[in-house]
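[1] No letters, just coordinates:
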């Protein structure tokens, strides 16, 4: 019989089968708190510290941040990524760190590592904004769902499936390591073991989506919050649509894709027709929150504020004889910035012409940094 789907209704984040609330339900919503007073004060103090840091970047009155527009944009991206991640009240601040500077350094590393791991390149080196879908299991999994999208009931093509955890994460030891460290530190749970074990079991990492849902999925516009069935978890699971960007009310969307919509998936045979993996669903929901957090139009406007053409590559003393081939040279815009620029264009924050100008300015900045590193390396070798 395969997997059957049913639209349960539209509910708040607190919904669970039987209306039993769990701490894991606290996702994305602003204003929810589940901490003791000391932890709440510590968290509030850290957010205040980040906001002050953002103001210092804008003012540049302390000598800590370079004064070029691109340098400021890169600094803002890192700070905004952490601020947006902290909208999830389940994320934990590092217990071992007591001062805001140390907390910032740890959170910056963890959050931006997840953003890097979940955007970037595929295993074959192709740039990713979404995921290639022509994998062997797509046709079988689509058939289990009757050839229809479980969210919108729209007919699904034979290769139109979304991977919960992108293939370029699953097949990269580096990205798996970054994901494991980030998840274990931020959420205090080890879910990455499930990712490492899905090689050859892509059926539990696959969800067929119709063209509308697939297009929005590839742009990180929504995530799926999994809700476990406490009685028969192998036979039932619930998925709640969580909109990440922009406001879904501004987009014409069908039933099943509205923020808060809940879909019930049921299988009569977990061995032959397994449901999507709960750990992988949890990972995609949380990772997508971080990736989407700095791709909202308001944050993108903050990051890409100013005229990128004002950034001039700084020349270094006696730099002319640096062997670029020996030391390396930046040849393209870093992939995480390519992703941000594409998001800025898609959301209307930047025109195509501005995307091109920002891309050139970012590349010049990368080339400047490469040459600085080469210059420092050469001087050290000469000593």
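    Received it, and whenever you're ready, just let me know what you need. Quick caveat, the model's predicted, so the values are computed rather than measured.

[2] Settle this for me: residue 358 is touching residue 350, isn't it.
    Yes - the pair residue 358 / residue 350 is scored as a contact, 6.7 Å apart, by Cβ atoms under 8 Å. C-betas here are computed from N, CA, C, even on glycine.

[3] neighbour count winner among those two?
    residue 358 (27 against 23; other Cβ atoms under 10 Å).

[4] Which residues are in contact with that one?
    By Cβ atoms under 8 Å, 6 or more residues apart in numbering, the residues touching residue 358 are 70, 73, 304, 308, 341, 344, 350.

[5] Next, work out how far apart the closest residue to residue 216 other than its chain neighbours and residue 115 are.
    Excluding the flanking residues, the one nearest residue 216 by Cβ to Cβ, 6 or more residues apart in numbering is residue 222, at 5.9 Å. Computed as Cβ to Cβ, to the nearest Å, the residue 222 to residue 115 distance reads 17 Å.

[6] Make sure residue 301 is actually in contact with residue 347.
    No - using Cβ under 8 Å, residue 301 is not in contact with residue 347; the gap is 9.3 Å.

[7] what about residue 219, neighbour count?
    18.

[8] Please report how far it lies from residue 351.
    Taken as Cβ to Cβ, the span from residue 219 to residue 351 is 18 Å.

[9] Okay, and the beta partners of the residue nearest to residue 216?
    residue 243 (DSSP bridges).

[10] mind listing what it touches?
    Here residue 222 is in contact with 216, 241-244, 248, 257, 259, 288 (Cβ under 8 Å, 6+ apart).

[11] rerun that using 7 Å as the cut-off
    216, 241-244 (Cβ atoms under 7 Å, 6 or more residues apart in numbering).

[12] rewinding a little: who has more neighbours out of residue 301 and residue 347?
    residue 347 (18 against 13).

[13] if you skip the residues just before and after it, what's nearest to that one?
    Closest to residue 347 by Cβ to Cβ, 6+ apart is residue 297, at 4.7 Å.

[14] give me the number of residues near the one you found?
    16.

[15] can you check the one 10 residues further on too?
    By other Cβ under 10 Å, the residues close to residue 307 number 11.

[16] picking up where we left off before, quick check: phi and psi on the residue nearest to residue 347?
    Per-residue torsions, residue 297: phi -50, psi -40 (degrees, to the nearest 10).

[17] gap between it and residue 274?
    Counting by Cβ to Cβ, the gap from residue 297 to residue 274 is 38 Å.

[18] How about residue 86?
    Taking Cβ to Cβ, one finds residue 86 at 34 Å from residue 274.

[19] now residue 90
    27 Å.

[20] quick revisit: per-residue confidence for the residue nearest to residue 347?
    Looking at residue 297, its pLDDT reads 85.

[21] so it makes contact with residue 349?
    Yes - between residue 297 and residue 349 there is a contact under Cβ atoms under 7 Å: 5.5 Å.

[22] Work out for me the element residue 225 sits within.
    strand 222-228 (DSSP states H and E).

[23] what's the distance between residue 291 and residue 307?
    27 Å.

[24] check which helix or strand covers the closest residue in space to residue 8 that isn't next to it in sequence.
    Closest residue in space to residue 8, ignoring its immediate chain neighbours: residue 262 at 4.2 Å, by Cβ to Cβ, 6+ apart. Assigned by DSSP H and E, residue 262 belongs to strand 261-267.

[25] What pairs with that strand, parallel or antiparallel?
    Applying DSSP bridges, one finds strand 261-267 paired with strand 3-10 (antiparallel), strand 236-243 (antiparallel).

[26] How about residues contacting the last one?
    Contact partners of strand 236-243, identified using Cβ under 7 Å, 6+ apart, comprise 8, 17, 27-28, 221-229, 257-266, 275-276, 278, 285.

[27] which residue ranges form the helices in the stretch 101-250 of the chain?
    With DSSP state H, counting those that start in this stretch, the ranges of helices along the stretch 101-250 of the chain come out as 138-144, 167-170, 173-187, 192-196, 211-218.

[28] Could you chop this structure up by domain?
    With domains defined by automatic domain parsing, the chain comprises 3-297, 307-382.

[29] which one of those is the most hemmed in?
    Ranked by mean neighbour count, these are led by domain 3-297 with a mean of 17 (mean count of other Cβ atoms under 10 Å).
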